[in-house]
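In: Following is a predicted model, sequence given first.
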Amino acid sequence: MDVAGIITLVLIALFLLLFFYLVPLGLWIQGIVSLGMGRITILDLIRMRLRKISPRLIVDGIINSHKAGLTDIKTDMLETHYLAGGNVANVVMALIASDKANIDLPFQTATAIDLAGRDIKSAVETSVYPKVIDAPKDGFLSAVAKDGIELKARARVTVRTNIGGLVGGATDDTIIARVGEGIVSAIGSSGNYGGVLENPDNISRAVLQKGLDAGTAFEILSIDIADLDVGKNIGAQLQTDQAEADLKVSQAKAETRRAMAVAQEQEMKARVQEMRSKVVEAEAEVPLAMAHAFKDGKLGVFDYMNMKNIEADTSMRESISGNKDSDSTSLERDND
């Protein structure tokens, strides 16, 4: 075989490979067998290849939807959703499930929900088979009744998907938060914890009446209190803490008054010492004044002697008076 023949064979092989890649004959035949002529043309499959769309995914979606009775779904609709980044298989399965469950779910709504990041298939399943959400997810809700007793509650919320609220609606985290808020409010408005323990269904009814599913992607069917336990006596604990705080304040005020009294006592002692120093200073000036009086002739010798006699007489009287007081004290002690 010459070189020209080899080149011709290679070109033919490349042409066949390219042809069978661009023209998926197997999928075309599958479409004819499943749906008949005209539903899926060979040109549609070639166009999908050129637009980098998976023909297998589109063909399977068209076959499944048409077999389920959804004949209004066309190949270009699925292609557009695929190019937009949507999950074609999920949308087709959700449309089939909603049609069988008599749920009104148009194709445009389904694709919008899917492009919004929601699992449309799971949403339809939840709409048919409601799911249960724990509120809270972990642990307990802590609430205090009016009598100061803490109650720990845990609820189970049964919800189903609200198809119309999936686009822009809040998720189940919002449901959990709202239910928790409603339970805390219901327990807090109760007069005593005993009534709550006796009738926990009152909490469920009170929470359901608030319309907590407004603006969410779910519809609340029921709220059941799964667990309800008694916690601490929060009221007594708060009163104890308040009493301790008042005691510390009183002690601080008493310490302040004591410090002020001590400061005032020290001030009075300082003033006494000051007055004593002034007295000593005044007594020291007496001899000087007498000397000036002698010098000026205002005080004579006889006047000076009379003053000394008076001082001696006063000292003797004070001495006698002191002895009498001591004698009377000793006699009283002897009589005792």
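Out: That came through fine.

In: Report the mean per-residue pLDDT for the helix or strand residue 29 falls within.
Out: In this assignment (DSSP states H and E), residue 29 forms part of helix 25-35. Per-residue pLDDT values over helix 25-35 give a mean of 71.

In: Could you do stretch 276-284 as well?
Out: In this model, stretch 276-284 has an average pLDDT of 80.

In: before we move on, what about stretch 317-324?
Out: The average pLDDT within stretch 317-324 is 72.

In: Please, which helix or strand holds residue 230?
Out: Take DSSP H and E as the rule and residue 230 turns out to sit in strand 218-233.

In: Just want the angle from the helix or strand following that strand to strand 218-233.
Out: Downstream of strand 218-233, the next assigned helix or strand under DSSP H and E is helix 234-296. Helix 234-296 and strand 218-233 meet at an angle of 50 degrees, taking axes from the mean of the first three to the mean of the last three CA atoms, to 10 degrees as the criterion.

In: From the chain's centre, how far out is helix 234-296? Work that out for me.
Out: Averaging C-alpha positions (CA atoms, centre = their mean, to the nearest Å) puts helix 234-296 54 Å from its chain's average.

In: ok, back up a step: in the next helix or strand after the helix holding residue 29, what counts as buried?
Out: Beyond helix 25-35 in the direction of the C-terminus, DSSP H and E gives the next helix or strand as helix 42-50. Neighbour-count burial for helix 42-50 flags 44, 45, 47, 48 (criterion: 16 or more other CB atoms under 10 Å). Heads up, the C-betas are built off the backbone N, CA and C, glycines and all.

In: quick one: contacts of stretch 131-148?
Out: Where contact means CB atoms under 8 Å, 6 or more residues apart in numbering, the residues beyond stretch 131-148 that reach it are 150-160, 172, 175-176, 179-180, 183-184, 187-193, 196, 226-227, 229, 231, 233-236, 238.

In: Repeat the analysis, applying 6 Å as the threshold.
Out: Outside stretch 131-148, the residues within contact range by CB atoms under 6 Å, 6 or more residues apart in numbering are 150-158, 172, 176, 179-180, 183-184, 187-188, 190-193, 234-235.

In: Poorly predicted segments of the stretch 151-300 of the chain, please.
Out: By pLDDT under 70, the weakly predicted segments of the stretch 151-300 of the chain are 299.

In: go again using 50 as the cut-off
Out: Per-residue confidence of the stretch 151-300 of the chain (counting by pLDDT under 50) places no residue in a weak region.

In: On the three-state scheme, residue 152 is what?
Out: Assigned by DSSP: H, G, I helix; E, B strand; the rest coil, the conformation of residue 152 is strand.

In: Tell me, how many residues neighbour it?
Out: With neighbours defined by other CB atoms under 10 Å, the count for residue 152 comes to 16.

In: where's it relative to residue 256, distance?
Out: The gap separating residue 152 from residue 256 is 44 Å, by CB to CB, to the nearest Å.

In: Also residue 194?
Out: Distance, residue 194 to residue 256, using CB to CB: 46 Å.

In: Quick one: classify the residue positioned nearest the centre of the chain as helix, strand or coil.
Out: Ranked by distance to the mean C-alpha position of the chain (CA atoms, centre = their mean), the top residue is residue 177 at 10.5 Å. At residue 177 the chain is in helix, as set by three-state DSSP.

In: Now do the contacts for it.
Out: With contact set as CB under 6 Å, 6+ apart, residue 177 has no partners.
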